[in-house]
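Trainee: give me a 3D structure for the following:
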Amino acid sequence: MPYRNTSIIGLLIVCAPALCLAQAQARKSEQPSGSPSAEPVPTFRVTSRIVTLEVIAKDHHGQAVPGLKASDFQVFEQELGWRKEKREQKVAFFREVDKQVLAQTDKSKVQVPEGIFTNLLSLQKNPVPPTILLVDGLNTELSAQMQVHAQMVKMLNSLPSDVPVAVYLMGRGVKVLQGFTTDPTLLKTALSKAAMPSSVVASTVDPRDDPDSLSTLMGDMPQISQSTLAAIQSFEQEQYASSMDWRVRATVEALISVARHVAGYPGRKNLLWISSSFPIVLNADASTFDSFRTYQDDMRKLAAVLADAKVAVYPIDPAGVSTSRYMQAGSRNRSNARDALARESQLRFTQQATMDELAQQTGGSVCVNDNDLGDCVKRAIDDSSAFYEIAYYPDSQDWSRDFRKIIVKTNRPGVHLAYRQGYFTGEENNKDPKKQDSELLQAACEDYLNATSILFAAKSLPPDSPENLKFYLAIDPTSLTFVPTQDGGEDLKINVAVCTFDKAGKPLHLMRDPIDRTFSAKEYNTLVALKGLPHIVSIPGPKPAAVRLLVKDLASGRVGSINVRVESLEHPPSAEPQSAAQNPTAAH
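Mentor: Now for the predicted structure:
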């Protein structure tokens, strides 16, 4: 990715210079080494949005192809619709990325001055592309969960010693069991905690095939009429479909949360999603249209957020090669074999379709029907060890809400390319206000992980009264979307929000402070010189136990957030403070 200037200069009083220097050093590794036009890489460009791609090039043996140049690639954008117009894009930045080269770059840890809270992420050890192991306790079938730990141990043994790995657990939210580390002991300890209570795991069995369903029990009672039984069965199917809606919504929100959390890490990230997945299409009852569900729009939105954060998803089914549930020994079957097998087959097909869709849209690959998940891990690590970064400014400045398909071609024969398949153009401000409020509430009050797509820092100021709180924010403007006006100004629309929490981590209040402002040319030039957008947030009493500060760019949908415990303001630690990004559960 081209270097983003994340300096926030002179806005946090005395502590600002040290923070700015740390941020600038942390982002040097993102600057591409080559450009086809030999132009210097701009450090501040916000009037046009840039699209970045991580392109994996392999030969017919599956080996990485090194030494390709920018002239070996062509990038096209294709809009959806009947015209399907395809336009070639000018490559603005290009570089070949190799893990060995990354490992030799600056390994210094970012030092955050005391009293400064930031979502700036430290690279910890080195900028080798990190890997996230996400154990999905929400969608993984109980029969497969028994194999997760054994397979995860195999996966850890397949990881190179220099690859930072984090372990997350998905249930009713996302929990960080272990942050990025290369210590195998810490990782194995985290995996031992990756157990999900069975009460959280949603049932994947269609009620028509469930021997313990209410309709099954009632069907054996002769006094129950057929009309009553049909009503019970219809209710069960509606509940089944509603349960699937909740599962999909919870899963999408959790994966978006992970993407937002790791977006601040430079370069490509691997997400190994260990899950049985969920169906991309569901037809719970073919006799009624209301039970039909399609989750393709949810998947496209999710894939866009993951791709924008440079997260390549590798869905992994921990069950490996397995037989049909109907054919398993000891199974209690309710319906006839033909119907049950057809429904189970359709469910598995649509679950794998979800995996395929997510992998293709983010540049990853699927691993199913494999009893050795170590092979899947090796594939993901190999993909991140050598790839090409390509960036371009789209020739169309129409940011109306649509999806643009990306096509990358190479003139080298026998070379197969893998990359994300497209992106949403955004324009969040055109959404329904109720939907905007719902999304803001979710990100500010319900998201357990810090978001790092928009970097900013905060410093506590003396409040107007003892029960109040006040923060001075310095927001990195290079992650915001400025839209040029006809008179030479720049429009900016963002939402600054604060969610307060009690001692138990329960959300109390959500406060919004929208900014809809047009900067004059002079004001905009001053902002460019400062390299930081200042903003003051006042929080009325009574004083909460914790707060989450959030900044959302309405045009792109990108989010940044910081968790702050109020007690840390009253009794600041004597040692070096921990950034909120390194302690994502601070508010919970």
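
Trainee: tell me how this structure divides into domains.
Mentor: 13-122+384-428, 131-375, 429-582 (automatic domain parsing).

Trainee: now those domains as a markdown table including mean pLDDT?
Mentor: As requested, the domains of the chain are arranged in a markdown table below (pLDDT from 0 to 100):
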| stretch | mean pLDDT |
| --- | --- |
| domain 13-122+384-428 | 71 |
| domain 131-375 | 75 |
| domain 429-582 | 84 |
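
Trainee: redo these as JSON lines? Include mean neighbour count.
Mentor: Glycine gets a C-beta too; all of them are placed from N, C-alpha and C. Formatted as JSON lines, those follow (neighbours: other Cβ atoms under 10 Å):
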{"stretch": "domain 13-122+384-428", "mean neighbour count": "16"}
{"stretch": "domain 131-375", "mean neighbour count": "18"}
{"stretch": "domain 429-582", "mean neighbour count": "18"}
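
Trainee: which residues of the stretch 101-250 of the chain fall in strands?
Mentor: 116-118, 131-136, 165-171, 173-181 (DSSP state E, counting those that start in this stretch).

Trainee: format the ones you listed as JSON lines; extra columns: distance to Leu527.
Mentor: Shown next, in JSON lines, are the strands of the stretch 101-250 of the chain (distance: least, Cβ to Cβ, whole Å):
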{"stretch": "strand 116-118", "distance to Leu527": "19"}
{"stretch": "strand 131-136", "distance to Leu527": "35"}
{"stretch": "strand 165-171", "distance to Leu527": "35"}
{"stretch": "strand 173-181", "distance to Leu527": "33"}
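
Trainee: relative to Lys459, which of those strands is closest?
Mentor: Closest approach to Lys459 among these (Cβ to Cβ): strand 116-118, 5.8 Å.

Trainee: tell me which strands the closest one pairs with, and in which orientation.
Mentor: Sheet partners assigned to strand 116-118 using DSSP bridges are listed as strand 456-461 (antiparallel).

Trainee: residues contacting the partner strand, please?
Mentor: Strand 456-461 has contacts (Cβ atoms under 8 Å, 6 or more residues apart in numbering) with 8, 12-13, 15, 19, 115-120, 469-476, 536-537, 549, 551, 560, 562, 564, 569.

Trainee: name the next helix or strand following that strand along the chain.
Mentor: strand 469-475 (DSSP states H and E).

Trainee: quick one: contacts for the closest residue in space to Ala57 that isn't next to it in sequence?
Mentor: Using Cβ to Cβ, 6 or more residues apart in numbering and skipping residues adjacent in sequence, the residue nearest Ala57 is Val65, 4.3 Å away. Residues in contact with Val65, defined by Cβ under 8 Å, 6+ apart, are 57-59, 412, 415.

Trainee: tell me which of the residues you listed fall in strands.
Mentor: Under the assignment DSSP state E, the contacts of Val65 contribute 57-58 to strands.

Trainee: turn the contacts of Val65 into a markdown table, including distance to Ser234.
Mentor: Formatted as a markdown table, the contacts of Val65 follow (distance: Cβ to Cβ, whole Å):
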| residue | distance to Ser234 |
| --- | --- |
| Ala57 | 53 |
| Lys58 | 50 |
| Asp59 | 55 |
| Arg412 | 57 |
| Val415 | 54 |
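
Trainee: farthest pair in the contacts of Val65?
Mentor: Lys58 and Arg412 (11.2 Å).

Trainee: surely Glu96 and Tyr388 touch.
Mentor: Yes - counting by Cβ atoms under 8 Å, Tyr388 is a contact partner of Glu96 at 5.6 Å.

Trainee: against Asp162, how distant is the nearest residue to Leu156 once chain neighbours are set aside?
Mentor: With Cβ to Cβ, 6+ apart as the criterion, Leu156 has its nearest non-adjacent residue at 5.6 Å, and that residue is Leu187. Look at Leu187 and Asp162: by Cβ to Cβ, to the nearest Å, they are 14 Å apart.

Trainee: can you check Glu389 too?
Mentor: 20 Å.

Trainee: the residue nearest the centre of the chain is in what secondary structure piece?
Mentor: For the chain, the residue nearest the mean C-alpha position is Ala259 (1.7 Å; Cα atoms, centre = their mean). Applying DSSP H and E as the criterion places Ala259 in helix 226-262.

Trainee: packing partners for that helix?
Mentor: strand 131-136, strand 165-171, strand 173-181, helix 214-219, strand 269-274, strand 292-294, helix 296-308, strand 311-316 (3 or more Cβ pairs under 8 Å, 6 or more residues apart in numbering; DSSP states H and E).

Trainee: so what's the gap between the second one and the chain middle?
Mentor: With Cα atoms, centre = their mean, to the nearest Å as the basis, the distance from the averaged C-alpha position of strand 165-171 to the chain average is 13 Å.

Trainee: who touches Asp516 in this structure?
Mentor: Asp516 neighbours (Cβ under 8 Å, 6+ apart): 492-493.

Trainee: OK, contacts around the closest residue in space to Arg420 that isn't next to it in sequence?
Mentor: Residue nearest to Arg420 in three dimensions, not counting chain neighbours: Ala307, with 4.0 Å by Cβ to Cβ, 6+ apart. Under the criterion of Cβ under 8 Å, 6+ apart, the neighbours of Ala307 are 361-363, 420, 423.

Trainee: can I assume Thr131 is in contact with Trp273?
Mentor: No - using Cβ under 8 Å, Thr131 is not in contact with Trp273, being 11.6 Å away.

Trainee: tell me the spacing between His60 and His416.
Mentor: Taken as Cβ to Cβ, the span from His60 to His416 is 7 Å.

Trainee: cool, and Ala230?
Mentor: 52 Å.

Trainee: do the same with Leu533
Mentor: For Leu533, the distance to His416 - Cβ to Cβ - is 43 Å.

Trainee: how about Tyr240?
Mentor: Taking Cβ to Cβ, one finds Tyr240 at 40 Å from His416.

Trainee: give the residues shared as contacts by Glu96 and Tyr388.
Mentor: Leu68.

Trainee: so Val165 bridges to which residues?
Mentor: With DSSP bridges as the rule, Val165 is bridged to Thr131, Thr181.

Trainee: show me the contacts for it.
Mentor: Contacts of Val165 (Cβ under 8 Å, 6+ apart): 130-133, 156, 159, 178, 180-182, 187.

Trainee: again, 10 Å this time
Mentor: 130-133, 155-156, 159, 178-184, 186-187, 190, 270, 272, 377 (Cβ atoms under 10 Å, 6 or more residues apart in numbering).

Trainee: okay, and the beta partners of Pro484?
Mentor: Bridge pairing for Pro484 - DSSP bridges - gives Glu490.

Trainee: please report how far it lies from Asp491.
Mentor: 8 Å.
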